[in-house]
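Colleague: quick one, structure for this:
(4 chains)
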There are 2 protein chains.
Amino acid sequence: MEYRSSCPVSTLLDIVGDKWSLILIRDLFMDRNTYSEFLKSPEKISTNILVDRLKKLVHHGIVSFHRDENDKKIKYYQLTSKGIDLYPVIIEMSLWSRKHLDMEFHPLAVKHYEVLDEKGKDNLIDEVLSNAHAQLEAE
Amino acid sequence: MEYRSSCPVSTLLDIVGDKWSLILIRDLFMDRNTYSEFLKSPEKISTNILVDRLKKLVHHGIVSFHRDENDKKIKYYQLTSKGIDLYPVIIEMSLWSRKHLDMEFHPLAVKHYEVLDEKGKDNLIDEVLSNAHAQLEAE
DNA sequence: ACAATTATATTGCAATTAACAAGTTAAATT
DNA sequence: AATTTAACTTGTTAATTGCAATATAATTGT
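Modeller: Down below sits the predicted model:
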């Protein structure tokens, strides 16, 4: 894959800067982690794009998957360490939207803002990153 | 304009989540602020896309412009308060790339990392935001 | 065992977006 | 007046995306 330039911002955008990749990463942070759950998300991704983006995210080492032991037709997708580290980006995007968009947000987003205000941004980021990384270790 | 959902992340992506908008916003943070300077950026945006994205960013209130008093054919684009507040998103993207991408970055990016390490992320963000907002006030 | 169900993936076609090249307008310079 | 420069605009082609239908593979119910 060829990147447009040697700029860190543009290169990350070359990897996840399309209409859908960060939506899937958001879903993974919300513990939506199967193909059919991704399809159920309110943004209504289409199946060809979903397959394509999952492949690309796996290829870039941001997402991995393993099959359910009991029901082998199900794939569980999960963020790798590299993917988990995108959490601060998601948080900053979310904070920008709260500040600048005049709209009613999804209940899950409202809940997330409550947790964020309660714990503070930096604490929440530390907590989410260390929990997620720890859980990866435990596997 | 219709948003895909009421999620703060997806809505920001509906606004700037294409291949080019955040590149232009990055350029504006680097004081590239005219049509011809945007064209010179290493990612090589095409003219029709450039015009379209500038219009969209102006329409969303993230960018504004004014003409040069002495040379009225020149438009200077600049980030609005709303646009300036995207700085933390850009910073987090940049930090992710430094941590996870194995590549040689553009000299301007390297310089930016030095400043970042020197001042600390939070201080740099505070500084950039308050300087930029102050300069907006002064006009 | 076999039809039905579930999860995942592919294909075909229309619509949208992007790349590339050439042309246009309006102001500034010579 | 002619030329240059900045900022677009237009036209053509290529690539990407959206949408609907279909395919495959493993599982469940009978």
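Colleague: tell me which other helices or strands the helix or strand hosting A:V9 touches.
Modeller: Assigned by DSSP states H and E, A:V9 belongs to helix A:8-16. Packing contacts for helix A:8-16, counted by 3 or more C-beta pairs under 8 Å, 6 or more residues apart in numbering or on different chains; DSSP states H and E, involve helix A:21-29, helix B:21-29, helix B:87-100. Any C-beta I mention is one placed from the backbone N, CA and C, and that applies to glycine too.
Colleague: quick one, it and helix B:87-100 angle?
Modeller: 80 degrees (axes from the mean of the first three to the mean of the last three C-alpha atoms, to 10 degrees).
Colleague: helix A:8-16 and DNA strand D in contact?
Modeller: No. Counting by C-beta under 7 Å from any atom of the strand, no contacts exist between helix A:8-16 and DNA strand D, the nearest distance being 11.0 Å.
Colleague: and that helix, how far out from the chain middle?
Modeller: Helix A:8-16 sits 15 Å away from the centroid of its parent chain (C-alpha atoms, centre = their mean, to the nearest Å).
Colleague: export it to PDB, keeping only CA atoms.
Modeller: Taking C-alpha atoms only, helix A:8-16 is exported to PDB below (Å, rounded to 0.1, in the frame of the first residue of the first chain):
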ATOM      1  CA  PRO A   8       1.900  11.200  10.100                       C
ATOM      2  CA  VAL A   9      -1.600  12.700   9.900                       C
ATOM      3  CA  SER A  10      -2.100  11.900   6.200                       C
ATOM      4  CA  THR A  11      -0.700   8.400   6.700                       C
ATOM      5  CA  LEU A  12      -3.100   7.600   9.400                       C
ATOM      6  CA  LEU A  13      -5.800   9.000   7.200                       C
ATOM      7  CA  ASP A  14      -4.600   6.700   4.400                       C
ATOM      8  CA  ILE A  15      -5.200   3.800   6.800                       C
ATOM      9  CA  VAL A  16      -8.500   4.700   8.600                       C
END
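Colleague: now that helix: mean pLDDT?
Modeller: Per-residue pLDDT over helix A:8-16 has a mean of 96.
Colleague: buried ones in that helix?
Modeller: Under the neighbour-count criterion of 16 or more other C-beta atoms under 10 Å in any protein chain shown, helix A:8-16 has A:P8, A:V9, A:S10, A:T11, A:L12, A:L13, A:D14, A:I15, A:V16 buried.
Colleague: what does stretch A:61-79 give?
Modeller: Here stretch A:61-79 shows A:I62, A:V63, A:S64, A:Y77, A:Q78, A:L79 as buried, counting by 16+ other C-beta under 10 Å.
Colleague: same question for stretch A:37-50.
Modeller: Of the residues in stretch A:37-50, those buried (16+ other C-beta under 10 Å) are A:F38, A:S41, A:E43, A:I45, A:L50.
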